[in-house]
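[1] Structure for the following, please:
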Amino acid sequence: MKLKDIAKLSTRMFKTNPARTWLTILGMGVGIAAVVVLVGLGFGLQGLLLEKIVYGETLLSLSVVNPPSKAVILDAAHLASFAKIDQVKDVSPLVSFPALMTYGGLTGNVFLQGVNASYFRYSGIITEEGELFKDGEEEQARSSVIISKGALKLFGIKNPSEVVGKSVRFRVFVPKEGAAETEEVSLNKDYRVRGVTNDNSAIIAIMPLVEFSSKFHIGHYEKAQVRVIKSEFLDAVQAELVKQGFMVTGLSKTVDQANKIFKGVQAVLAVFGGIALVVSAIGMFNTMTVTLLERTNEIGVMRTIGGSPSNIKVLFVSEAIIVGFLGGVAGIAIGVGIGLLLNALMNTVASHFGGAAVTLFKFPLPFLLFIIAFSGIVGFLTGVFPARRAAALNPLDAIRYK
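    Below you'll find the predicted structure:
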């Protein structure tokens, strides 16, 4: 049987039984749509967790903090020892003191931090408005600060662009050396807001480390980002830092673990969607079986005029694959449409209440292509049994069947 004939005979159902055919496709599409929406939700949740991560140097950095026991502390000597490790390219520390920030006549509690420009690259900090400090420009930026989006909430500011370029002042609570008390130090200087980071949770203001160290004595640092030369050295450098008594985390491992978790989440969601798909596949199988009974006489005629059992089998399997494929296309259209609609609704609500826009449903192209191929396979599987029954019919019995 020629391919043209197979295509012509396999699509006859759109003319002979259009309503039933399209309803079968729609039923298959609903099952596919359930899978698309639920797995798309899994991709969206994964994206929400990882989209803030800046790849590149961030994944080549280790975050080092002081242990709870304070058996060792991050001081200048330890930072120098970190830099001497063969596989380490750079070390960028962070120091932090509690402070009061005054803006527009209002005062709120923040943490004033001092960092070098490289710290932003290694830790993955990005701005929502304005810009970060740049390498080699720390001296020129000594009168500038960067504040977090979370700090804006203290002053009732919803739009970060409102504060960029404006001036703020600080009163800092500096720990007394060798004592648990702090003393208040007022920085009698206006600092211009250079940028606003996208961090909603942290309430911080950041100035260049060179400015911070000129105002206060730094006995120890709160954190340090250790930039490793290549990813294969991460484990070795981490082991060396842990050996010195510090707590070390690597963003690359966190990302790997998160991806593994979300693969499991996507699999669970796919199972729930698969239940609807199984129901749709059963309906499609039932339709193909009914079609077999209705076309028994036709099969007998085709056999008596020379059609082979393999021709009959190919015909039924082709019909099932076409229905399954179209069901997959319909399911993708329905599922992606529902996801985009929900994204738009949530972003509308979020913007109305001053929140950030998010993409809760994501549909990667490879996933959609897989769904189309998978729907064709489901169609093939649902058509195999009816096709075998049709090919096994006795031609004379089929002609006499009523």
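
[2] So which residues of the stretch 101-250 of the chain form strands?
    106-115, 127-130, 144-148, 167-175, 182-197, 204-208, 223-228, 247-250 (DSSP state E, counting those that start in this stretch).

[3] Pick out the shakiest of those strands, pLDDT-wise.
    With a mean of 86, strand 247-250 has the lowest mean pLDDT of these.

[4] next one: the helix or strand immediately after that one in the chain to chain centre, how far?
    Where DSSP states H and E defines the elements, the next helix or strand beyond strand 247-250 is helix 251-294. Helix 251-294 has its C-alpha centroid displaced from the chain centroid by 20 Å (CA atoms, centre = their mean, to the nearest Å).

[5] ok, now stretch 113-125?
    So, by CA atoms, centre = their mean, the centroid of stretch 113-125 is 23 Å from its chain's centroid.

[6] what's it in contact with?
    52-54, 56-58, 61, 63, 90, 92-96, 126, 132-138, 197, 199, 204-209, 211-213, 218, 222, 225, 227, 251 (CB atoms under 8 Å, 6 or more residues apart in numbering). C-beta here means a position set from N, CA and C on the backbone, and glycine is covered the same way.

[7] Tell me which of the residues you listed fall in helices.
    When the contacts of stretch 113-125 are checked against helices (DSSP state H), the matches are Leu209, Glu211, Phe212, Ser213, Leu251.

[8] So in terms of bridging, what pairs with the closest residue to the third one other than its chain neighbours?
    Counting by CB to CB, 6 or more residues apart in numbering, the nearest residue to Phe212 once its immediate chain neighbours are dropped is Gly114, at 2.7 Å. In this structure, Gly114 has the following beta-bridge partners (DSSP bridges): Val95, Met207.

[9] how near is Gly114 to Val172?
    According to CB to CB, to the nearest Å, Gly114 and Val172 sit 11 Å apart.

[10] got the domain boundaries for the chain?
    Domain assignment for the chain by automatic domain parsing gives 3-53+257-400, 67-245.

[11] how long is the last one from one end to the other?
    For domain 67-245, the separation between the terminal residues is 7 Å (CA to CA, to the nearest Å).

[12] And stretch 237-250, by the same measure?
    11 Å.

[13] again with stretch 77-94
    So stretch 77-94: terminal residues 15 Å apart, CA to CA.

[14] Identify each buried residue in it, please.
    His78, Leu79, Phe82, Ile85, Val88, Lys89, Asp90, Val91, Ser92, Pro93, Leu94 (16 or more other CB atoms under 10 Å).

[15] who touches that stretch?
    By CB under 8 Å, 6+ apart, the surrounding residues in contact with stretch 77-94 are 64, 72, 74, 113-116, 118-119, 122, 209, 221-230, 233, 236-237, 240-241, 244, 246.

[16] Report the distance from it to the chain centre.
    32 Å.

[17] For the stretch 201-350 of the chain, which residues score under the pLDDT cut-off?
    251-259, 291-297, 299-301, 303, 306-307, 350 (pLDDT under 70).

[18] and the buried residues of stretch 77-94 as TSV, adding distance to Gly283?
    Converted to TSV, these look like this (distance: CB to CB, whole Å):
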residue	distance to Gly283
His78	67
Leu79	67
Phe82	64
Ile85	64
Val88	62
Lys89	60
Asp90	62
Val91	63
Ser92	60
Pro93	64
Leu94	60
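
[19] and which of those residues is nearest Leu41?
    Closest approach to Leu41 among the buried residues of stretch 77-94 (CB to CB): Leu94, at 35.8 Å.

[20] Just the pLDDT for the closest one.
    Value for Leu94, per-residue pLDDT: 96.

[21] Compare neighbour counts for Gly114 and Val172 and give me the winner.
    Neighbour totals were compared for Gly114 and Val172, and Gly114 leads with 24 against 21 (other CB atoms under 10 Å).

[22] which residue ranges form the helices in the stretch 301-402 of the chain?
    309-352, 365-392, 395-400 (DSSP state H, counting those that start in this stretch).

[23] got CSV for those helices, with mean neighbour count and distance to Val271 too?
    Shown next, in CSV, are the helices of the stretch 301-402 of the chain (neighbours: other CB atoms under 10 Å; distance: least, CB to CB, whole Å):
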stretch, mean neighbour count, distance to Val271
helix 309-352, 19, 16
helix 365-392, 18, 14
helix 395-400, 14, 41
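
[24] between the helix or strand encompassing Pro98 and strand 144-148, how many degrees?
    According to DSSP H and E, Pro98 maps onto strand 88-103. Strand 88-103 runs at 90 degrees relative to strand 144-148, counting by axes from the mean of the first three to the mean of the last three CA atoms, to 10 degrees.

[25] Give me the angle between strand 88-103 and strand 182-197.
    100 degrees.

[26] Strand 88-103 vs strand 106-115, what angle?
    Using the same axes, to 10 degrees: strand 88-103 against strand 106-115 is 170 degrees.

[27] Next, the angle from strand 88-103 to strand 167-175.
    110 degrees.

[28] Make residue 1 into 55 and carry on from there
    Okay, using 55 as the starting number, the last item reads as strand 142-157.

[29] the inter-axis angle of strand 142-157 versus strand 258-262?
    120 degrees.

[30] what distance separates strand 142-157 from the middle of the whole chain?
    Worked out by CA atoms, centre = their mean, strand 142-157 lies 29 Å from the chain centre.

[31] How about stretch 275-291?
    25 Å.

[32] hang on, Ala88 packs against Ala330?
    Yes. With contacts counted by CB atoms under 8 Å, Ala88 reaches Ala330, the gap being 3.9 Å.

[33] Those two: which is more packed in?
    Legend: neighbour count by other CB under 10 Å for Ala88 and Ala330, higher for Ala88 (24 against 19).

[34] Surely the more buried one is within a helix?
    Yes. Looking at Ala88 with DSSP: H, G, I helix; E, B strand; the rest coil, it is inside a helix.

[35] Fine, thanks again, bye for now.
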